[in-house]
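[1] Any chance you can model this:
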Amino acid sequence: QVQLVESGGGLVQPGGSLRLSCEASGFTFWQYAMKWYRQAPGKERELIGRITTTNRMTIYLDSVKGRFTISRDNAKNTVYLQMNDLKPEDTAEYYCNVDLITTTYWGQGTQVTVSP
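    Numbers count the residues shown, from 1 in each chain. Sure thing, here's the model as predicted:
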């Protein structure tokens, strides 16, 4: 079955960096675009960005443009979210996502906390 497993979250100081990973299984990874979302406490889940099958990355969330990038390694069935210059407002649960033909799948999430 389809599985998405995020990792790499944790506690980081403002200005620090983290790289999140999302390892996929159960589908032909290289054939699908992948997305990253986040959800802060008390807020709606928001789309950070996506990466296409041809490695074209788009960041949709204005507050992270210039700080976050998305990449993928099809040999490892893994998509990454590189987060630099982290701010307290980046504190959230981070999720990867894939839209297959009829179903959308989510990982379990990984928590990122940005605090002094």
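
[2] quick one: low-confidence ranges for the chain?
    Counting by pLDDT under 70, the chain contains no low-confidence range.

[3] And the strands in it?
    With strands called from DSSP state E, the chain shows them at 3-7, 10-12, 18-25, 34-39, 46-51, 57-59, 68-73, 78-83, 92-99, 104-106, 110-114.

[4] In a markdown table: those strands, plus mean neighbour count.
    C-betas here are computed from N, CA, C, even on glycine. Listed next are these as a markdown table, based on neighbours: other Cβ atoms under 10 Å:
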| stretch | mean neighbour count |
| --- | --- |
| strand 3-7 | 17 |
| strand 10-12 | 14 |
| strand 18-25 | 19 |
| strand 34-39 | 22 |
| strand 46-51 | 19 |
| strand 57-59 | 15 |
| strand 68-73 | 18 |
| strand 78-83 | 22 |
| strand 92-99 | 21 |
| strand 104-106 | 14 |
| strand 110-114 | 18 |
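
[5] Spatially nearest residue to the spatially most central residue of the chain, not counting backbone neighbours?
    For the chain, the residue nearest the mean C-alpha position is Trp36 (3.3 Å; Cα atoms, centre = their mean). Excluding the flanking residues, the one nearest Trp36 by Cβ to Cβ, 6 or more residues apart in numbering is Ile48, at 4.4 Å.

[6] got a list of what that neighbour touches?
    By Cβ atoms under 8 Å, 6 or more residues apart in numbering, the contact set of Ile48 is 35-38, 59-61, 64, 68, 70, 81, 94.

[7] Same check on Leu61?
    For Leu61, the contact set (Cβ under 8 Å, 6+ apart) comprises 46-49, 68.

[8] out of those residues, who's nearest Ala75?
    For the contacts of Leu61, the closest approach to Ala75 (Cβ to Cβ) belongs to Gly49, at 21.6 Å.

[9] Quick check: closest non-adjacent residue to the closest one.
    With sequence-adjacent residues excluded and distances taken as Cβ to Cβ, 6+ apart, Gly49 is closest to Ile59, at 4.0 Å.
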